[in-house]
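Novice: this one's sequence-less:
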């Protein structure tokens, strides 16, 4: 039985370290995205808008079943103003 080549072990360690760095980078990006979404939702709440983000580009609206047409229009206007301000920020 021959002795293990130290270079083989080194290559495997380097590959594992590289995978660990890639994973850490992905985790950091995911945390940054969560923080951005949380901030977006908090800013919306501060403007009186309660939203639920369900995907990267989907905003779910769930008004009360008995909402009046005028309240719905005011809510949509408020949402549009908020999204426009966020886009410019």
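Specialist: Sure, I can see it. Remember, predicted model here, so these are calculated numbers, not experimental data.
Novice: Residue 32: which element?
Specialist: Element membership of residue 32 [criterion: DSSP states H and E] is helix 6-46.
Novice: Quick check: which helices or strands does that helix pack against?
Specialist: Under the contact definition 3 or more CB pairs under 8 Å, 6 or more residues apart in numbering; DSSP states H and E, helix 6-46 sits against strand 52-55, helix 69-88. Where you see a C-beta, it was placed from the backbone N, CA and C, and this is true even at glycine.
Novice: Turn those into a markdown table, columns for distance to residue 22 and mean neighbour count.
Specialist: Formatted as a markdown table, the helices and strands packed on helix 6-46 follow (distance: least, CB to CB, whole Å; neighbours: other CB atoms under 10 Å):
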| stretch | distance to residue 22 | mean neighbour count |
| --- | --- | --- |
| strand 52-55 | 25 | 10 |
| helix 69-88 | 31 | 12 |
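Novice: Comparing those by mean pLDDT, which bottoms out?
Specialist: Per-stretch mean pLDDT for the helices and strands packed on helix 6-46 is lowest at strand 52-55 (a mean of 75).
Novice: what's the next secondary structure element after that one?
Specialist: Following strand 52-55 in sequence order, the next helix or strand is strand 58-60 (DSSP H and E).
Novice: which neighbours does that following strand have in its sheet, and in what orientation?
Specialist: Its sheet considered, strand 58-60 pairs with strand 52-55 (antiparallel) by DSSP bridges.
Novice: Please state the offset of the partner strand from the chain centre?
Specialist: Here strand 52-55 shows a centroid-to-chain-centroid distance of 9 Å under the convention CA atoms, centre = their mean, to the nearest Å.
Novice: Just the residues contacting that strand, thanks.
Specialist: With CB atoms under 8 Å, 6 or more residues apart in numbering as the test, strand 52-55 has contacts from 37, 40, 41, 59, 60, 62.
Novice: One more: stretch 74-82?
Specialist: By CB under 8 Å, 6+ apart, stretch 74-82 touches 43, 44, 47, 48, 49, 51, 59, 61, 63, 67.
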